[in-house]
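# How does the following fold in three dimensions:
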Amino acid sequence: MARRPMPRHEAVERHIRGRIAGLKPGDQIESDAELCDLFQVSRMTVRQATQRLVAEGVIYRISGVGTFVGEPQVHRQMGKLRSFTEEMALRGMTVSSTVLASELRVGSQEETTALRIAPQSNVVHVRRLRLADEQPMAIENVVLPPSCAWLLREDLAHGSLHQALTEQGFAPSRATGTQIAAIATEDDAALLELPVGAAIFVERRLITTGDGTPVELTESRYAGSRFVFHIELA
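Coordinates of the predicted model:
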């Protein structure tokens with residue numbers, strides 16, 4: 001049986017993927033017109049090839065200027081409770097953190113209520129910039145009950161907070177929360193190395209242990225251009 005020829009838009013897409021493999025983020029690639037000439041296809045065919053690559057973040061367009069190689073993105077499976085360290089390790093990336101705050105302070109009403117501790121109780125607050133292969137990926141604000149004050153003595157710049165919790169008998173088991181789109185503030189932009197107003201993804205979640213005890217209240221602010229979140233629905 002004769003082999004069915006590859007659709008032209010797939011050939012264009014494969015060419016672009018091959019081209020960017022040897023380039024770095026921000027490098028310019030062929031224009032739509034040049035791809036049309038190279039493959040002798042219509043502009044609609046080229047658009048069909050590039051639209052998916054733009055949606056994946058593999059390339060991006062600047063109107064009137066050209067098409068450029070995008071930043072590599074991290075794909076995260078939403079149905080699994082994994083720490084940032086675990087997510088990056090699965091992708092062969094080296095994780096590190098810059099500790100921005102590490103303190104015992106009085107918790108807000110929202111924090112003490114979520115953690116089911118008395119009003120005005122102290123909470124453990126840890127704020128970190130999370131990096132993968134030395135690239136800023138997320139700003140993480142974590143609040144824990146005072147029973148976890150020992151965490152302040154841990155190496156939170158290089159170690160996994162979830163691993164430390166597990167080793168001390170506070171193994172994270174379940175998470176509930178919300179996810180919203182937002183724009184980068186000046187603080188977000190400076191830390192994540194993004195333009196002010198760039199798209200970010202904000203995740204807030206409450207993590208409990210196996211017996212339902214709240215152990216961690218977290219807000220993570222992700223660089224939108226560097227993450228893809230996969231959701232499975234049934």
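# what's the weakest-modelled helix or strand in this protein?
strand 74-77 (a mean of 52; mean pLDDT, DSSP states H and E).
# give the contact list for Ser31.
Counting by CB atoms under 8 Å, 6 or more residues apart in numbering, Ser31 makes contact with Gly66, Thr67. (C-beta placed from N, C-alpha, C; glycine too.)
# quick one, what contacts Leu100?
Arg127, Arg128, Leu129, Ile139, Leu191.
# just for the chain, where's the confidence low?
1-5, 55-57, 71-92, 227-234 (pLDDT under 70).
# Helices along this protein, start to end?
8-20, 32-39, 43-56, 84-90, 109-115, 161-167, 186-192 (DSSP state H).
# Turn those into JSON lines, columns for mean neighbour count and distance to Tyr222.
JSON lines is the format used below for the helices of the chain (neighbours: other CB atoms under 10 Å; distance: least, CB to CB, whole Å):
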{"stretch": "helix 8-20", "mean neighbour count": "16", "distance to Tyr222": "23"}
{"stretch": "helix 32-39", "mean neighbour count": "15", "distance to Tyr222": "31"}
{"stretch": "helix 43-56", "mean neighbour count": "16", "distance to Tyr222": "16"}
{"stretch": "helix 84-90", "mean neighbour count": "18", "distance to Tyr222": "10"}
{"stretch": "helix 109-115", "mean neighbour count": "16", "distance to Tyr222": "21"}
{"stretch": "helix 161-167", "mean neighbour count": "17", "distance to Tyr222": "17"}
{"stretch": "helix 186-192", "mean neighbour count": "16", "distance to Tyr222": "8"}
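# Could I get those in CSV, plus columns for distance to Gly64?
Rendered in CSV, the data for the helices of the chain read as follows (distance: least, CB to CB, whole Å):
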stretch, distance to Gly64
helix 8-20, 20
helix 32-39, 13
helix 43-56, 16
helix 84-90, 36
helix 109-115, 46
helix 161-167, 45
helix 186-192, 24
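# closest to Val99 out of those helices?
The closest of those to Val99 is helix 161-167. By CB to CB, the value is 10.9 Å.
# which residues does Val202 bridge with?
Applying DSSP bridges to Val202 gives these bridge partners: Ile180, Arg221.
# wait, what's in contact with it?
By CB under 8 Å, 6+ apart, the residues touching Val202 are Gln179, Ile180, Ala181, Ala182, Glu219, Ser220, Arg221, Tyr222.
# Surely the last one touches Glu140?
This means Tyr222. No. With contact defined as CB atoms under 8 Å, Tyr222 does not reach Glu140; the gap is 9.5 Å.
# This completes my enquiry, with thanks.
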